[in-house]
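Trainee: Structure here, sequence nowhere to be found:
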């Protein structure tokens, strides 16, 4: 290795460590803001985040950085595959960043640092008007950024690619059409059975007991409490500092213990992905999950394919009965399975059952697509949202708090993220089919620990972090390209069985 | 104003904003580490903190910074008093920083980032040996730094000055001798009365109720919950992000509700100081309390002079009875006052009563003084610690967890800090005498809100943040130099009255 190459490789490692430190800092500030910070403190947080983000932007885009990255790219045959991937990801990031004027990037970060607070307040007070100017800015910035980045591409395609490389509106439209075609008639049949009215509904779950249940679930999932803890936030999320330090959050409602339970299992799935990265990725840009679609494939895998399976509900029922004897003492496993999988059109995405969930995602996809195409304005979002809920789910949205203000994504700048939830669910179904070749899934669940399942995913997916692009990784795992049929068949089988239709 | 001056002033503001952002980030990471982070996560935190600290060091010490600070100093007559103070504080900081080799400073930060974790573990496991190498490094670094900074000065004098400008061993020795001379015989007389054995002892305070009591106390102190919240840590502390965002922590013990109560009132006093800064100091180095002595004068003012007064205990007793009817239902105000002020030699500083507290501080002062003089090694600390406890307090230390491992200060690098606790207590007594000229203190307490007291301190002290050095500020407040007689007389009067001696 030449001295020059070795010097540039040192710079490569140094750059990534610095980026790591700034990511760590901004994550810590974000976590604090979302969990324990006093209410009226967003100004100081925004100032600090603005400055730290400016440093990150500067580090990633300055001429000196590009110079040595380009040098290393030209010498890729002398690099390890890991180093080559680091250079590739950094340059890819840079391709995007360098098209955005610094002041716009910083301006956008400032909007975001306030938007989260404003959204929380707007949701609590059902006041879309107060959030609207922020939402407009966020969409405007994202549309502008997409156009700066790829002037000749349709902006929403560019945007989808940021969360799931390779995804396009064409693919989404097709995928969603397939789903709609199968799910909408199935839901109609289910509603016609009247079975939902016969399912027991239980309320009044002690928050303290729910917290105990959170610990039980994390243990069941084989999440190491020395490396991952659970906090409380309005909207649950997962945040990784390193592969050794991952945080998840949930929310507790007295009248809905499944809400917290499935938040924990969902975020726990994200956490396992992050905790499972190989040590070699530490402090590099290869650390962390590769895409939102793959990430959601892990979280929704645990939430639904495992967590809402008859085997899992049977396995945890004794603990549920122990913690909530009043609510679940008289419920048998099959009834619990049916109660928890009660499928019906509803208003809130994160509370939706597995079957109708994708329809909620489609509403957001359609709204985003139209916003990016200039066919919709922020003034029109509530009406369009409500119209689509009526069309896809047949429900009337009573107010914006239960409508377009329900999700935290847009206020966090995550525009174009939603389709990855549906995609992730469908990825997961195909992964499960593959996993069954190696693992007796039901036996693992019945044994009281999901470790064999987490280990399989760890070996096939988690350890690789961001080494491979999502399409490549998916084919490595499943030995075939993505095929939504697995998911549609899985849903049809499961819910036909439950509802006898 | 010349264009050059105006450009340098812009740099001055920019530098301070950047320093603010890094301080914010490191505070956030520290808070997370001390409160909610999973156990085995110190490595990633240490890496991030190391890099961020390096940035701060570089910002403060690089030639470009010194150049414009020196320029501004030379033009001080054209600056506002605030700008002049900013330059003074930054240069003062720099005087120190520039004498320390960068790699030593960074090395020290790395030791600190691990030491806190190691200390927690060592304390929990009563394992001084595991903490010893860290403690050695921390003392060594501090002694070396003090010598780099002022080669001709005695190192411990330099160290004391870092927490309380103007303080010397000579002053401490005299101050502590006065205290010892009065307190030691008084304690002997108190112990001879046998009264302590007649005072009721109550246990089994529900943690949930104690948390409710924390909120009550913060409200009583007029602390705005939108700008200050209380978390839980092993060792309570106060942390300020900005004057609008201050955090305090406490710990809860079922058998000792006073421990949490007085932690909240103590940290609440620190918090009021930080919350009371004028807006003009925001994002500058003038923000925040000026010294540890003044800071402790505020925290110990609320904790003792107010919080352990008969008026305060009488005022809060109805709430105490409401929350803890089993423990306090049958206790009258005078008895509660005497129970809470029970004075007797003990092992743990932060649980010590007001009278014996200073003796605990003196032990630490003597140990630090000897370490800095090279008269003691880390191997000898436990024995020397135990010897001094026997000499000053007459108690036998059973193990290091209840001895030299009890405090978090050294593991946090706060060597030379302890004397400021005693000094702060004594400052407070003199401030209270002055306050009585303007405020009917007992009437304010009886009215159910400490706001008139906090307002007086706010006007005289808090609003000024770090505009004035501690000695200058003290004389502005009290109209006279510091005189320990106020404190000694206050203690003698209070405890003679309680114990009838």
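Mentor: Sure thing, it's come through. Values in this document were obtained by computation on a predicted structure and should not be read as measured data.
Trainee: Just the strands from the stretch 201-350 of chain A, written as ranges.
Mentor: Taking DSSP state E, counting those that start in this stretch to define them, one finds strands in the stretch 201-350 of chain A at A:228-232, A:238-242, A:245-250.
Trainee: out of the ones you listed, deepest packed?
Mentor: Among the strands of the stretch 201-350 of chain A, strand A:245-250 has the highest mean neighbour count (mean count of other CB atoms under 10 Å in any protein chain shown), at a mean of 25. Placement of C-beta: from N, CA and C, glycine included.
Trainee: does chain B sit close to it?
Mentor: Yes: for strand A:245-250, a contact with chain B is found by CB under 8 Å from any CB of the partner chain, at A:245, A:247.
Trainee: residue boundaries of the helices in the stretch 301-450 of chain A?
Mentor: Along the stretch 301-450 of chain A, counting by DSSP state H, counting those that start in this stretch, helices occupy A:310-323, A:325-328, A:333-340, A:357-372, A:381-393, A:419-435, A:441-446.
Trainee: Could you report the neighbour count for the one residue in the stretch 351-500 of chain A that gets nearest to chain B?
Mentor: Residue of the stretch 351-500 of chain A nearest chain B, by CB to the nearest CB: residue A:465 (14.8 Å). For residue A:465, the number of neighbouring residues by other CB atoms under 10 Å in any protein chain shown comes to 24.
Trainee: distance of it from residue A:28?
Mentor: Taking CB to CB, to the nearest Å as the measure, residue A:465 falls 21 Å from residue A:28.
Trainee: Quick one: the strands of the stretch 201-350 of chain A as CSV, columns for distance to residue B:360 and mean pLDDT too.
Mentor: Shown next, in CSV, are the strands of the stretch 201-350 of chain A (distance: least, CB to CB, whole Å; pLDDT from 0 to 100):
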stretch, distance to residue B:360, mean pLDDT
strand A:228-232, 34, 96
strand A:238-242, 37, 96
strand A:245-250, 36, 97
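Trainee: Can you tell me which of those strands is nearest to residue A:414?
Mentor: Residue A:414 lies closest, by CB to CB, to one member of those: strand A:238-242, at 13.3 Å.
Trainee: Output the contacting helices and strands for that closest one.
Mentor: helix A:3-35, strand A:245-250, helix A:257-275, helix B:42-61 (3 or more CB pairs under 8 Å, 6 or more residues apart in numbering or on different chains; DSSP states H and E).
Trainee: Out of these, which is closest to residue B:305?
Mentor: Between residue B:305 and the helices and strands packed on strand A:238-242, the tightest spacing by CB to CB is seen for helix A:3-35, at 32.8 Å.
Trainee: could you check the angle helix A:42-61 makes with the closest one?
Mentor: Angle, helix A:3-35 to helix A:42-61, by axes from the mean of the first three to the mean of the last three CA atoms, to 10 degrees: 160 degrees.
Trainee: Residue A:135 reaches residue A:378, doesn't it?
Mentor: Yes: between residue A:135 and residue A:378 there is a contact at 5.2 Å, judged by CB atoms under 8 Å.
Trainee: And residue A:316, how close does it get to residue A:201?
Mentor: Residue A:316 sits 19 Å away from residue A:201, going by CB to CB.
Trainee: how far out from the middle of the chain is the helix or strand of chain A with the lowest mean pLDDT?
Mentor: Least confident element among the helices and strands of chain A, by mean pLDDT, DSSP states H and E: helix A:102-124 (a mean of 90). Put simply, helix A:102-124 sits 20 Å off its chain's centre (CA atoms, centre = their mean, to the nearest Å).
Trainee: What separation is there between the residue of the stretch 351-500 of chain A closest to chain B and residue A:251?
Mentor: Distance from residue A:465 to residue A:251, by CB to CB: 29 Å.
Trainee: Show me how chain A divides into domains.
Mentor: A:3-98, A:169-499 (automatic domain parsing).
Trainee: Which one of these lies nearest to residue B:52?
Mentor: The nearest among those, by CB to CB, is domain A:3-98 at 5.5 Å.
Trainee: pLDDT on that closest one, on average?
Mentor: For domain A:3-98, mean pLDDT rounds to 95.
Trainee: Is there proximity between that domain and chain B?
Mentor: Yes: using CB under 8 Å from any CB, domain A:3-98 reaches chain B at A:17-18, A:20-22, A:24-26, A:28-29, A:31-32, A:35-41, A:43-45, A:47-48, A:50-52, A:55.
Trainee: next one: stretch A:117-129
Mentor: No: against chain B, stretch A:117-129 shows no contacts by CB under 8 Å from any CB, the least distance being 12.1 Å.
Trainee: So what touches that stretch?
Mentor: With contact meaning CB atoms under 8 Å, 6 or more residues apart in numbering or on different chains, stretch A:117-129 is reached by A:33, A:42, A:130-131, A:134, A:234, A:381-382, A:399-401, A:404-406, A:408, A:410-411.
Trainee: now the residues you listed: which count as buried?
Mentor: Among these, those classed as buried by 16 or more other CB atoms under 10 Å in any protein chain shown are A:33, A:42, A:131, A:134, A:381-382, A:400-401, A:404-406, A:408, A:410-411.
Trainee: and which of those residues is nearest to residue A:423?
Mentor: Residue A:423 lies nearest to residue A:410 out of these, by CB to CB, at 18.7 Å.
Trainee: Pull the contacting residues for the closest one.
Mentor: Taking CB under 8 Å, 6+ apart as the test, what residue A:410 contacts is A:119, A:135, A:138-139.
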